[in-house]
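Student: Pasting the sequence and the predicted coordinates here, then a few questions.
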Amino acid sequence: MNFVVRRFSFYFIAIMVAITFNFVIPRLMPGDPVDALFAAAQGRMPLETLQAYKEMLGFVDGPMWVQYLKYIKSIFTWDLGPTIMLYPLPVTELLAVKVPWTIGLAGMSTVISVMIGLLIGTYASYNRGGFTDRFMPGFWAFVGAMPQPVTALFIFFILALTWKWFPLSYGANPDLEPGWTWDYITSVLHHAVLPIICMILGGIGSWIFNMRNAMINVLGEDYITMAKAKGLSNRRIMTHYAARNALLPVVTAVSMQVGFVMAGAIFIETVFNYPGVGLLLFKALGARDYPTMQACFLLIVVFVLVFNFIADLLYLWLDPRLRN
Amino acid sequence: MKKLSLALAISTLATGMVATAHAEGKHAQGGVLTVPIITQTFVEDFNPYSGAQGDMVGGTMFEPLWAVNALKGEINWRLASRFTYDADLMGLTINLKDGLTWSDGEVLDAEDVVFSLNLGKDDAKLDATGQWGSGKFASAEATDSLTVYIKFTDRDGTIDWHLPRLHVVPEHIWKDVEDISTYKNGNPVGSGPITEVTQVKDNQIQICRNPNYYKADEGLPYLDCIKFRQYTDNSQIQAALINDEIDWGSNFIADIEKTYVAPNPENHGFWYPANDLINVYLNTREAPFSDINFRKAFSMALDRPMIVDLAAYGYPTPETHVTGIGEFFKSHFNDEVNAKYDYLAEYNPNKAMDLLDESGYVDVDGDGFLENPDGTEINFDIHVVNGWTDWVQTVQMVSEYLAEIGIRANTKTVDWSVYDTALKEGTYQASINWSKTNAEDPIQAYQDYFHTSRQGMSWHTNHGVSSPEVDALIDEYLATSNAERRKAILAELMAFTAESLAFVPLFSNPTWYQYNATRIGGWPTAENAFVQPVFYESSRKLITFEQLYAK
């Protein structure tokens, strides 16, 4: 229990630090949202509306520390104020529309790439020196090393724009009514294929490496020799004796990966106009939309920390030695 | 799903009946126009004052009093049938058409117009015409059910330019709204050709035919619906245009002949008529720009057609005059004034070098670049906003042309806020910017260039050139309705602009406009130029939309 409390207070402090940074960093950038709005309008907007906009968006709001206290209060009451890009739409409403898409995208792609990666990693390490072991880790590391925006644009250009196998944008066909209908679900899946492929291409290499390395360590242990001596089948040794123990460090890696997956989502959602948080964050940055930016960052920080906390608890369950 | 299609079927049926009852137009009714909107997500918001979605409902849902078609130099009458100024220019009478109704069947009369006008009286955010804020309007009242009278605080003959921006909203609904600036107008009632919202999703909104449109007996509108699609940037719109997913683009598309037109030359087209003039503004308070001969040499050193071709894909129109207005206002060009000063806009590096030589600019230290007559080095920055790539390339070419006549100039990319402040406060050396040369009347451009009341507010006024005489001329122009006098004042201002050369004109920006004739016909083109096709301006959008029909 002590362990849980200690971890929990650690995460609480981490969140406080993160949300403070979250407040400070956007305000260090040059320019303010109203100026950015004017820049984007390229002269279409009459000058007289500038002041009106500033007032409307609450940017003549007193000293920094008042803004900070208001910000802390708003976070704990989950009242994140109106967005700037889509004034007066509340940030929470906007996020509610976007979050499910990103969770779906990030979740599906993480599950798929972890599964494939672990299988390949396990197989490669168990058959050391074989084709899989020599070819797969290197190949996927190479693919993963390509910048994700480039991979995404490449796939977009060939499969969506030129061959027209997949749609150009959105999470589903806008002409369909959302619901549990066959048409809608297949449309969602059809739209998700390319973004998910891009995310898998970017992430799978590290899973293969993680698993392969963990396995190689475990395979040197005495109990593997013992299992072999008992005459168990290779398959049983590989999955039940080696892989199970090798999973421990991989659990940590999964929780760490959540942050990277979100970073990847920014590029991929932008290329495919996928209606998720990543694209929203990217556009909010361009528009200097502080409330939306802060909410997105906050969401990512909370995500990463929650997953780390879950990983800690999982560890406690997986590894009895930690319980003392 | 079923419910919606049923509702759609009923509404199509209903509009179908309207169509058979009235169809006397040139084209059959029917069809859906798909246009892109750049936003993060759609919301159920049909308030024309909403910044995010105002573009969707301006004009087509809320019909203007009249529309100014600057390309034709004419007024397109909409809700109003005419306006008349008082003889002393202290007031304006607007006559509405008879028999107008809102889409819910209620009568649209002068009270609605007065209500809409008065919204802006106490709330700057709802001051669409800007005339309460500027103190020009004294009061607005309905003298009878079809007549509106606006009283001014001062003589003014230009109010009719601003009234098309007014959103005429239904008083019987909006009078009960507490805070109009945040009002969502969820179930909208309008007066324009399309008012009935049939679909609202985060990436698509569809608005269909107004059952009580006042032009229904002319068979208008030909199209049944507009389908707005949400995109987050230009590149996605480019892809969607190429794949025939949308019909009307208003965006920059790289290498458009090859990427868009070539795959389907019969139906894919674009037309980029001239828009506002792009100038390099020079801060005449400091050397070397304080010398008019230097500024003249600067202007003559530039090969404008080459800049347009290389830096901007050839889409803009190179400027051939230095009188402050561009191709957009070509109907206002004054040939006499132009003939006198056009040589300043011609590419003539030899003449530029001679002029510099005569004025005492010599290369003292032998580094290949000229020094000021007092021996100090010439080395200045031309500001351009980081990321505005076509302008960055333009400025780079300007610097190269200047280097050819021995002037050292640097392209300086800066952040918007730096650029914005420097232009407004006059702390720049040289800076590229647009101008107010695409509004209702050329005087607005000169007001923006020179009138001292604009200093610190506008990007274009703080170059150090102004004079009380010019202020007086501009004020006189605004307060007269005498066409001859106006023409004479414009000629004087043009000559003043060319003589002072506080900014060097480069080219007229193109109006970004792409059309897809696969499903929809009637598009404005260079051959069929009935309006400057700007989607983001409610009047011109409405004039364009009215001519479109399904093939």
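Tutor: Looks like it arrived, so ask away. Numbers count the residues shown, from 1 in each chain, chains lettered A, B, ... in the order given.
Student: what ranges do the helices span in the stretch 101-250 of chain A?
Tutor: Applying DSSP state H, counting those that start in this stretch to the stretch 101-250 of chain A gives helices spanning A:131-145, A:148-155, A:182-219, A:222-229, A:234-236, A:244-271.
Student: I misspoke; the intended subject was the stretch 301-450 of chain B.
Tutor: Using DSSP H, counting those that start in this stretch, helices in the stretch 301-450 of chain B cover B:304-311, B:335-341, B:349-358, B:389-404, B:416-425, B:442-450.
Student: One more: the stretch 101-250 of chain B?
Tutor: B:110-122, B:159-162, B:171-174, B:234-242.
Student: could you dump those helices to TSV with mean neighbour count, mean pLDDT and distance to chain A?
Tutor: All C-beta spots, glycine's among them, are computed from the backbone N, C-alpha and C. Formatted as TSV, the helices of the stretch 101-250 of chain B follow (neighbours: other CB atoms under 10 Å in any protein chain shown; pLDDT from 0 to 100; distance: least, CB to the nearest CB, whole Å):
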stretch	mean neighbour count	mean pLDDT	distance to chain A
helix B:110-122	20	92	11
helix B:159-162	18	89	10
helix B:171-174	17	93	17
helix B:234-242	21	86	5
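Student: Next, format those helices as TSV and append distance to B:Leu71.
Tutor: Below are the helices of the stretch 101-250 of chain B laid out as TSV (distance: least, CB to CB, whole Å):
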stretch	distance to B:Leu71
helix B:110-122	27
helix B:159-162	15
helix B:171-174	33
helix B:234-242	23
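Student: how about those helices, which one is nearest A:Gly276?
Tutor: Smallest distance to A:Gly276 across the helices of the stretch 101-250 of chain B (CB to CB): 14.6 Å, for helix B:234-242.
Student: what residues does the closest one touch?
Tutor: A:160-161, A:168-169, A:273, B:36, B:38, B:229, B:231, B:246, B:249, B:251-254, B:259-260, B:263, B:268, B:514, B:516 (CB atoms under 8 Å, 6 or more residues apart in numbering or on different chains).
Student: before we move on, what about stretch B:137-145?
Tutor: Taking CB under 8 Å, 6+ apart as the rule, stretch B:137-145 contacts B:93, B:109-111, B:113-114, B:117-118, B:121, B:131, B:148-153.
Student: do you know how far A:Lys98 is from A:Tyr290?
Tutor: As judged by CB to CB, to the nearest Å, A:Lys98 and A:Tyr290 stand 17 Å apart.
Student: brain fart, B:Gln455
Tutor: Applying CB to CB to B:Gln455 and A:Tyr290 gives a distance of 31 Å.
Student: Look at these two and report which has more neighbours.
Tutor: Between B:Gln455 and A:Tyr290, A:Tyr290 has the larger neighbour count (other CB atoms under 10 Å in any protein chain shown), namely 25 against 15.
Student: B:Val68: helix or strand, and which one exactly?
Tutor: Counting by DSSP states H and E, the element that carries B:Val68 is strand B:66-69.
Student: Pull the distance from that strand to the chain's centre.
Tutor: 13 Å (CA atoms, centre = their mean, to the nearest Å).
Student: what do you get for stretch B:135-146?
Tutor: On CA atoms, centre = their mean, the centre of stretch B:135-146 falls 27 Å from that of its chain.
Student: Tell me the buried residues in it?
Tutor: B:Lys136, B:Phe137, B:Ala140, B:Ala142, B:Leu146 (16 or more other CB atoms under 10 Å in any protein chain shown).
Student: Tell me the confidence at the third one?
Tutor: According to the predicted model, the pLDDT of B:Ala140 comes to 93.
Student: do the same with the second one
Tutor: The predicted local distance difference test score for B:Phe137 is 92.
Student: bridging residues for it?
Tutor: B:Phe152 (DSSP bridges).
Student: What separation do you get for it and chain A?
Tutor: To chain A, B:Phe137 is 14 Å away according to CB to the nearest CB, to the nearest Å.
Student: Show me which residues of the stretch 451-551 of chain B are close to chain A?
Tutor: Residues of the stretch 451-551 of chain B lying near chain A by CB under 8 Å from any CB of the partner chain: B:Met457, B:Ser458, B:Trp459, B:Tyr536.
Student: Could you pull up the contacting residues of the residue nearest the centre of chain A?
Tutor: Nearest to the mean C-alpha position of chain A, by CA atoms, centre = their mean, lies A:Met262 at 2.3 Å. Applying CB under 8 Å, 6+ apart, we find A:Met262 in contact with A:Thr102, A:Ala106, A:Val277, A:Gly278, A:Ile300, A:Phe303, A:Val304.
Student: what does the stretch 201-324 of chain A put close to chain B?
Tutor: A:Thr270, A:Asn273, A:Pro275, A:Leu279, A:Leu280, A:Lys283.
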